[in-house]
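Trainee: Would you be able to build a 3D model of this:
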Amino acid sequence: MFDTYKKIFDNRAESYHKAMRDFPLARKEEFEWALHYLAINPGDNVCDVPSGGGYLKDFALDEDCFFNFLETSESFASYNVDCPNSKTQVCEFEDLPLANQSVDSLICLAALHHVDNREKVFQEFRRVVKSQGKILIVDVEEGSNTAGFLNVFVNEYNSMGHNGSFINGQVVNSLEKNEITVVSYNSHTFQWTFDNEHCMVTFCRGLFGLDKATDEDIIHGIKIYLNPHYQQNQVSLDWDLVYIVCN
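Mentor: Numbering: from 1, shown residues only. Sure thing, here's the model as predicted:
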């Protein structure tokens, strides 16, 4: 079992990144909701941790801001090409290479469930964000269908396993304990959309590292947990996430 974010994505960043590059709009709604809650202002300094391959900027092309892309996995960070309004750095979650109160907003998207020392991580978030800044945590909610897909289906068909610790009341309490005020707690169900079933299966295999699964296994898992929708010209699956907005 690979149980830390760094170990997981040092091993499967390549397949994850290929899935995101081959199907760049599959998770469009997920990133658009993130940008909605971030509400970036012109000139803002934004921290994306962990940033993966810098996918957030693909959906923030009109935002006049600077992105600090922080990533613990060197393999993942290698796919993020810097541009004039972004900088990528490799670091640990518990030791962010940013000055105190230096960023206007910080986003942690779909990674907290792989983090053990959340108390220290939240302390770092609070340290680097300005006193009037914003923190947005986006992740899977405990007990949701998405949680079942990851910790049951992906755990069985990914040779590294999957044992995520998902969002629950303890996470909110921990944020408040570290003087991070939760402003809103928003649950969203949206669709990851594809041209056809083969594309959906290919994306899921790459994104989740389903190296032990046949196409039929993946389709079966999606039908059990993710409520696929078949229409004439496309197919989609349901994906549930919680967006926690904090000051």
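
Trainee: so where's this structure shaky on pLDDT?
Mentor: Confidence mapping of the chain against pLDDT under 70 gives the ranges 1-3.

Trainee: can you give me how far stretch 24-41 is from the chain middle?
Mentor: Taking the mean C-alpha point of stretch 24-41 and that of its whole chain, the gap between them comes to 11 Å (CA atoms, centre = their mean, to the nearest Å).

Trainee: Format the CA atom coordinates belonging to it as PDB.
Mentor: Listed next in PDB are the C-alpha coordinates belonging to stretch 24-41 (Å, rounded to 0.1, in the frame of the first residue of the first chain):
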ATOM      1  CA  PRO A  24      -8.900  18.200 -20.700                       C
ATOM      2  CA  LEU A  25     -12.500  19.100 -20.400                       C
ATOM      3  CA  ALA A  26     -13.800  16.000 -18.500                       C
ATOM      4  CA  ARG A  27     -13.500  17.700 -15.100                       C
ATOM      5  CA  LYS A  28     -14.500  21.200 -16.400                       C
ATOM      6  CA  GLU A  29     -17.300  21.700 -13.800                       C
ATOM      7  CA  GLU A  30     -15.100  20.700 -10.900                       C
ATOM      8  CA  PHE A  31     -12.500  23.400 -11.800                       C
ATOM      9  CA  GLU A  32     -15.100  26.000 -12.700                       C
ATOM     10  CA  TRP A  33     -16.700  25.700  -9.200                       C
ATOM     11  CA  ALA A  34     -13.300  26.000  -7.600                       C
ATOM     12  CA  LEU A  35     -12.700  29.300  -9.500                       C
ATOM     13  CA  HIS A  36     -16.200  30.500  -8.600                       C
ATOM     14  CA  TYR A  37     -15.500  30.000  -4.900                       C
ATOM     15  CA  LEU A  38     -12.000  31.500  -5.100                       C
ATOM     16  CA  ALA A  39     -13.300  34.600  -6.700                       C
ATOM     17  CA  ILE A  40      -9.900  35.700  -7.800                       C
ATOM     18  CA  ASN A  41      -9.300  39.500  -8.100                       C
END
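
Trainee: for it, which positions count as buried?
Mentor: By neighbour count on 16 or more other CB atoms under 10 Å, the buried set for stretch 24-41 is 26-27, 29-31, 33-35, 37-38, 40. No exception for glycine: its C-beta is placed from N, CA and C like everyone else's.
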